[in-house]
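1. Here is a sequence together with a model predicted from it:
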Amino acid sequence: EAGVTQFPSHSVIEKGQTVTLRCDPISGHDNLYWYRRVMGKEIKFLLHFVKESKQDESGMPNNRFLAERTGGTYSTLKVQPAELEDSGVYFCASSHRLTRSTDTQYFGPGTRLTVL
Amino acid sequence: GQQLNQSPQSMFIQEGEDVSMNCTSSSIFNTWLWYKQDPGEGPVLLIALYKAGELTSNGRLTAQFGITRKDSFLNISASIPSDVGIYFCAGFPYSGTYKYIFGTGTRLKVLA
């Protein structure tokens, strides 16, 4: 069974440009999460999809970030326009979720975003 | 917001030594998890803990869910070079949603 995949693995862009990150969850997982780790800090939650619906987007930093999950399969996270403080590693995770206490989230390898 | 304080931040140890790291919180957590991240990879789940007082092992790894629900520790026995990486604690807050709260990580370096 394939794990969570993310594309690209690295992205280097200039301030003001747009970047779109993609995540393909484990097949059959309804729950998809985006997280971000800024250098040296903890991994922070951005948002949570259940199928195509946004369940919780309380962690989204501002309206420059837009996440979509059309059709309830893969998800994209667009940053437009990118700012220097957006640099970091963006992780995607997915889970099947039987109950909250056993909702093990499986993480992708991350996309390292560098904004110059 | 809720935070997990993880310590130590980093550690160098000799191969064969035992390692201990912990996470504490000011609020109650419902579930504790320990993840390891290797360079260029995403976090991989090592151990999940669901009940206060629970002690669980996974090979050379042992983790416990504190009885106060506000802390957890991870022990690695007889460390080997491939134990190198960043270890994160994570948890579901008791009154929270389905989002994980992560600790800041412990960077482990093993000297052969």
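-> Noted; the coordinates are in hand.
2. Tell me how many other residues crowd A:Lys53.
-> Residue A:53: Ser, not Lys. Here the neighbour count serves as a burial measure; for A:Ser53 (other C-beta atoms under 10 Å in any protein chain shown) it reads 10. Placement of C-beta: from N, CA and C, glycine included.
3. May I have the beta-bridge partners of it?
-> According to DSSP bridges, A:Val50 are recorded as the beta-bridge partners of A:Ser53.
4. how about stretch A:7-27: buried residues?
-> Buried residues in stretch A:7-27, counted by 16 or more other C-beta atoms under 10 Å in any protein chain shown: A:Ser11, A:Ile13, A:Val19, A:Leu21, A:Cys23, A:Asp24, A:Pro25, A:Ile26.
5. Mind listing residues that contact that stretch?
-> The contact list for stretch A:7-27, computed with C-beta atoms under 8 Å, 6 or more residues apart in numbering or on different chains, reads A:1-6, A:31-32, A:34, A:73-84, A:90, A:92, A:94, A:96, A:106, A:108-116, B:40.
6. Can you select the buried ones from those residues in ChimeraX?
-> Restricted to buried positions by 16+ other C-beta under 10 Å, the ChimeraX selection for the contacts of stretch A:7-27 reads:
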select /A:4,6,31,32,34,74,75,77,79,82,90,92,94,106,108,109,110,111,112,113,115
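7. Tell me which of the contacts of stretch A:7-27 fall in strands.
-> Per DSSP state E, strands hold the following members of the contacts of stretch A:7-27: A:5-6, A:31-32, A:34, A:75-79, A:90, A:92, A:94, A:106, A:111-115.
8. near chain B, from these?
-> Among those, the residues within reach of chain B (C-beta under 8 Å from any C-beta of the partner chain) are A:Gln6, A:Asn31, A:Tyr106.
9. Export those residues as CSV, with columns for pLDDT.
-> Output for those, formatted as CSV (pLDDT from 0 to 100):
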residue, pLDDT
A:Gln6, 97
A:Asn31, 91
A:Tyr106, 91
